[in-house]
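A.B. asks: attaching a predicted model along with its sequence, questions to come.
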Amino acid sequence: MSPLTLGILAATALALATLPALLTLANLRSFAAPPARPRQQGGPRAAVSVLVPARNEQAAIGRLCADVLASEGVDVELVILDDGSTDRTAEIVREIASSDPRTRIVSGRPLPAGWCGKQHACWQLAQEATHDTWVFLDVDVSPAPDAVARAVAFLDASGAALVSGFPRQRTACLLDWLLLPLIHFILLGFLPLARSRRDNSPGMAAGCGQFFVTRRAVYERAGGHETIRASLHDGVKLPRAYRRAGLRTDIFDATDTASCRMYERNADVWRGLSKNATEGIGGPATILPFTILLAGGQILPPALLVSGLVTGWHDWPRWAVPVALAAATLAWLPRFLEALRFRQSVASAIAHPLAVAVFLAIQWVALVRKVLGLKTAWRGRTLSPQ
């Protein structure tokens, strides 16, 4: 490779690595944990409906119920919708409900044409809620005793109509260890959080479908999950629906109030990240620019560093060597900062370039499958490509 080419590649890598590094540094200050649970001043405690869709969740549903029912500082009702489970999910919840009247189970109606299963389940849960403050929670989330109270406190303090918490991601296999930390990397590296709070356009919306907090009146004004009925990606699409209705949304760091274990096997990680890829980064309009940004800013800098170290930097222009070193430093910097802040694996951060490469492969495979009209099975249902 000619010295000029090496210099151009180093400069390009530095430019593409700088943006997410600087944005991450700014966002780490803005991406705050919810406020501490306020002490009661003698008035009534907040009444909250925790709404949980469940389909074949017998391994986790008992733990989820125990976690939610241990909530402190709020009066909770726990409403679980059994979405056609073929295991003991409904039986376990009924046993818990028989000893704790705060728990209710609802049998889900058959899935209508044009609906995604989760959106239909959440839409039904909204109709069943007794209270006017709602927390939509995935079964695989483990909330701390103060999680619900602090999330509601963040909703109040933010002035937003919908807020979303990003739990700490617990990993169980190689691919989730490698890939799930990218949730924080992409969120903080490519969303200007301060601007998203000033600019209420749908394109600036973000969220995590594992943990949403809202209230009945604004949910109904936004159209709720019915508005995104066909979507597989409520984490992005529900906040956008709120913003299209003129309602503000916000996000918070739930690392110290909730954790989530989404997957058990590598195949589940691949399918889970693939099923909604084309509604986000893997969409036809976004995949090429994100491939350039991620490959050029996160894979190219370490590749140049390794190449330079192996060859002893021969044929490199003298000025390009520190540029390549700076690019590699900026590529890794966000991941190491996030590993410390969000309790992620440092070894996974070291493997960051590999993680980005695998992540991009998933996005491209998902897009090809969509173009070919291929379908994906998830939790016993066949999903149409979005």
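C.D. replies: Good, I have the coordinates.

A.B. asks: what pLDDT does Gly42 get?
C.D. replies: On pLDDT, Gly42 comes in at 58.

A.B. asks: where's Val148, which helix or strand?
C.D. replies: Using DSSP states H and E, Val148 sits in helix 147-158.

A.B. asks: got the CA coordinates for that helix in PDB?
C.D. replies: Coordinates of each C-alpha in helix 147-158 appear next as PDB, following Å, rounded to 0.1, in the frame of the first residue of the first chain:
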ATOM      1  CA  ALA A 147     -36.700   0.700  40.400                       C
ATOM      2  CA  VAL A 148     -40.300   1.500  39.900                       C
ATOM      3  CA  ALA A 149     -40.400   4.400  42.300                       C
ATOM      4  CA  ARG A 150     -37.300   6.000  40.800                       C
ATOM      5  CA  ALA A 151     -38.500   5.500  37.300                       C
ATOM      6  CA  VAL A 152     -41.700   7.300  38.100                       C
ATOM      7  CA  ALA A 153     -39.700  10.000  39.800                       C
ATOM      8  CA  PHE A 154     -37.700  10.500  36.600                       C
ATOM      9  CA  LEU A 155     -40.900  10.700  34.600                       C
ATOM     10  CA  ASP A 156     -42.100  13.500  36.900                       C
ATOM     11  CA  ALA A 157     -38.800  15.300  37.000                       C
ATOM     12  CA  SER A 158     -38.200  15.100  33.200                       C
END
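
A.B. asks: and the helix or strand that comes right after that helix, what's its mean pLDDT?
C.D. replies: Following helix 147-158 in sequence order, the next helix or strand is strand 162-169 (DSSP H and E). For strand 162-169, mean pLDDT rounds to 98.

A.B. asks: strand 162-169 pairs with which strands, and in what direction?
C.D. replies: Counting by DSSP bridges, the strands paired with strand 162-169 are strand 211-215 (antiparallel), strand 249-260 (parallel).

A.B. asks: how distant is that strand from the center of its chain?
C.D. replies: Offset of strand 162-169 from its chain centre (CA atoms, centre = their mean, to the nearest Å): 7 Å.

A.B. asks: so which helix or strand takes in the closest residue to Ser201 other than its chain neighbours?
C.D. replies: Distance criterion CB to CB, 6 or more residues apart in numbering; nearest residue to Ser201, sequence neighbours excluded, is Arg243 at 6.6 Å. C-betas here are computed from N, CA, C, even on glycine. Per DSSP H and E, Arg243 falls inside helix 234-244.
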